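Colleague: 3D model of this:
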Amino acid sequence: MLRRVFGVLFAFALFFVATSARAAPWTPPPLNGHVVDQAGALTPEQRRALDLKLDDARQQTGFAVVVLLLPRLPDGLTIDDVGYTAGNAWGVGSAKGDDGVLLIHSAAERKLRIETGKGVGGALTDVESSHINTKVIAPLLVEGRTYDAIDAGTDAILKALVEGTPGGKSEPGRAPAHEGKGKSAIEEATPADLAKMGAWIVALIGIIALAIYSPTFRSLLFWLLFFGRGGGGGGSSGGGGGGSGYGGGGGRFGGGGSSDGY
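Modeller: Residues are numbered from 1 along each chain as shown. Down below sits the predicted model:
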């Protein structure tokens, strides 16, 4: 009976280890501006124009909007995964207000995502995000007008953020009205966050038990840790922010927003 229990734990632990090994190689590219164009979809002049527009908007309103253009999604990841991972890795928005937004386009899958920071959910709702994706950005992408699509989409995002903030538009140089109203990480955690946390805790317990009682598993774990981390990042290089040099401000993301195809 005990052997059967450990067998189940072994299979469960292997699943999580293997999943982690597949997903681990992808890390977001460096953030050095408000536009990261790994797809090469924009000209340098277009990237700079968008970057400077978004940098000016950030300084005027306090909201940070970053654009990520991908040729395709990294292997094994959804566009939701990319948004959550990149948003938190870059820290888009301020640490105090979590007031960042990430707009992602993956060309191969024809997918759009607006990933919203934990502090902007009331100003830019999931429904509004979906409307911007499907009614503002997608029609222009279908026409092959990538720059116009991203330009119009970021304008719509900023408009929704400013109009949805209590007190109206922030004055230049002042932080938006929602800043300073912080909650603990546990209070702001989404059901998805809690589910992931619980799954990892169970997996960790199983791995520890197997490492103690199974020499075979210890050998396998050693091999995975030291020899199973090969591979490269998804997508092609090229492009980048340029201009503002924005590198994030410590904002957090909890999985809010909307993903839409076209």
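
Colleague: hey, let's count contacts and neighbours off CA atoms from now on
Modeller: Noted.

Colleague: Where do the helices of the stretch 1-150 of the chain begin and end?
Modeller: 2-23, 44-61, 79-90, 126-131, 138-142, 146-163 (DSSP state H, counting those that start in this stretch).

Colleague: If you count contacts, what does the second one end up packed against?
Modeller: This means helix 44-61. strand 35-37, strand 64-70, helix 146-163 (3 or more CA pairs under 8 Å, 6 or more residues apart in numbering; DSSP states H and E).

Colleague: Next, the buried residues of that helix.
Modeller: Residues 47-55, 57-58, 60-61 are the ones in helix 44-61 that count as buried (16 or more other CA atoms under 10 Å).

Colleague: now swap in the last one and tell me
Modeller: Residues of helix 146-163 classed as buried under the neighbour-count rule (16+ other CA under 10 Å) are 146-151, 153-158, 160-162.

Colleague: Next, the angle strand 64-70 makes with that helix.
Modeller: 150 degrees (axes from the mean of the first three to the mean of the last three CA atoms, to 10 degrees).

Colleague: could you say what helices and strands helix 146-163 packs with?
Modeller: Partner elements for helix 146-163 (3+ CA pairs under 8 Å, 6+ apart): helix 44-61, helix 138-142.

Colleague: okay, the angle between the longest one and helix 146-163?
Modeller: Orientation note: helix 44-61 sits at an angle of 0 degrees relative to helix 146-163 (the same axes, to 10 degrees).

Colleague: Number of residues surrounding Gly87?
Modeller: Residues lying near Gly87 (other CA atoms under 10 Å) number 28.

Colleague: That one reaches Leu102, doesn't it?
Modeller: Yes - with contact defined as CA atoms under 8 Å, Gly87 and Leu102 form a contacting pair (6.5 Å).

Colleague: hey, what's in contact with both of these two?
Modeller: Glu115 (CA atoms under 8 Å, 6 or more residues apart in numbering).

Colleague: which regions of the stretch 101-250 of the chain sit below the pLDDT cut-off?
Modeller: 166-197, 199-200, 209-211, 213-242 (pLDDT under 70).

Colleague: Show me where it has its strands.
Modeller: Counting by DSSP state E, counting those that start in this stretch, the stretch 101-250 of the chain has these strands, from start to end: 111-117.

Colleague: what's the closest non-adjacent residue to Phe253?
Modeller: Using CA to CA, 6 or more residues apart in numbering and skipping residues adjacent in sequence, the residue nearest Phe253 is Gly117, 4.5 Å away.

Colleague: I misspoke; the intended subject was Asp260.
Modeller: Asp260 sits nearest to Leu112 (CA to CA, 6+ apart), 5.2 Å away.

Colleague: Spit out the contact partners of the one you found.
Modeller: So Leu112 contacts 79, 103-106, 133, 259-261 (CA under 8 Å, 6+ apart).

Colleague: got it, and Gly153?
Modeller: 132-133, 136-137.

Colleague: Am I right that Ala57 is in contact with Phe63?
Modeller: Yes - using CA under 8 Å, Ala57 is in contact with Phe63, at 7.2 Å.

Colleague: what residues do the two have in common as contacts?
Modeller: Leu158.

Colleague: Can you tell me what sits against the biggest strand by length in the chain?
Modeller: Scanning the chain for the longest strand, with DSSP state E as the assignment, gives strand 253-261. For strand 253-261, the surrounding residues in contact (CA under 8 Å, 6+ apart) are 79-80, 83-84, 87-88, 98, 109-118, 121, 125-127, 129-130, 133-134, 188-190, 192-193.
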